[in-house]
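Student: Just a sequence and a predicted model for now, questions to come.
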Amino acid sequence: MRPQERDSPANVADGIINATVTEEVYVVANTESAIWERVIEPARDQLLPEVATAILRFDFQEADHQRMAELAEKCNEGLLTEDERTEYENYVRIGNVLALMQSMARLALKQQIQPAAE
């Protein structure tokens, strides 16, 4: 989160906030991964080691890895059809959620190990 002035020209120009009172507010990132992080974060400390370990084993199948590579190449060349773009975006979204879940699982395992080492 970052502080912003409510009546800053950018906010008023974008129509985000229409106020004349100057005060600091915090803008919350609402990207898909930021929202997932807020959803998952409260449960991180309660994640059992077995569950965290299982999450770390989640992965795309080999055929999906090959398809993602094919779509990425076509995307870089600007040759994706609309259906392929949708398919590629789906893979990217799922990959982002998977990465976030695995990051949370690693943090949960690390937090469970640290108190035992102290």
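Tutor: Looks like it came in fine. This is a predicted model, so every value here is computed, not measured.
Student: When you work out contacts or count neighbours from here on, use the C-alpha atoms and nothing else.
Tutor: OK.
Student: Is Asn30 part of a helix or strand, or is it coil?
Tutor: When classified by DSSP: H, G, I helix; E, B strand; the rest coil, Asn30 comes out as coil.
Student: tell me the phi and psi of it?
Tutor: Here is the backbone geometry of Asn30 (degrees, to the nearest 10): phi -120, psi 40.
Student: go on, Arg57?
Tutor: With angles defined as degrees, to the nearest 10, Arg57 sits at phi -90, psi -10.
Student: swap in His65?
Tutor: The phi and psi values for His65, taken as degrees, to the nearest 10, are phi -60, psi -40.
Student: which residues of the chain score low on pLDDT?
Tutor: When residues are selected by pLDDT under 70, those of the chain lie in 1-27, 42-45, 115-118.
Student: mind giving me the domain ranges of this protein?
Tutor: Following automatic domain parsing, one gets these domains for the chain: 1-29, 31-117.
Student: Can you get me a residue count around Leu71?
Tutor: Neighbour count for Leu71, taken as other C-alpha atoms under 10 Å: 21.
Student: that older thread, of all the domains of the chain, which gets the most neighbours per residue?
Tutor: The highest mean neighbour count among the domains of the chain, using mean count of other C-alpha atoms under 10 Å, belongs to domain 31-117: a mean of 14.
Student: In which helix or strand does the spatially most central residue of the chain reside?
Tutor: The centroid of the chain falls nearest to Ser33 when counting by C-alpha atoms, centre = their mean (1.9 Å). For Ser33, the element it lies in under DSSP states H and E is helix 32-44.
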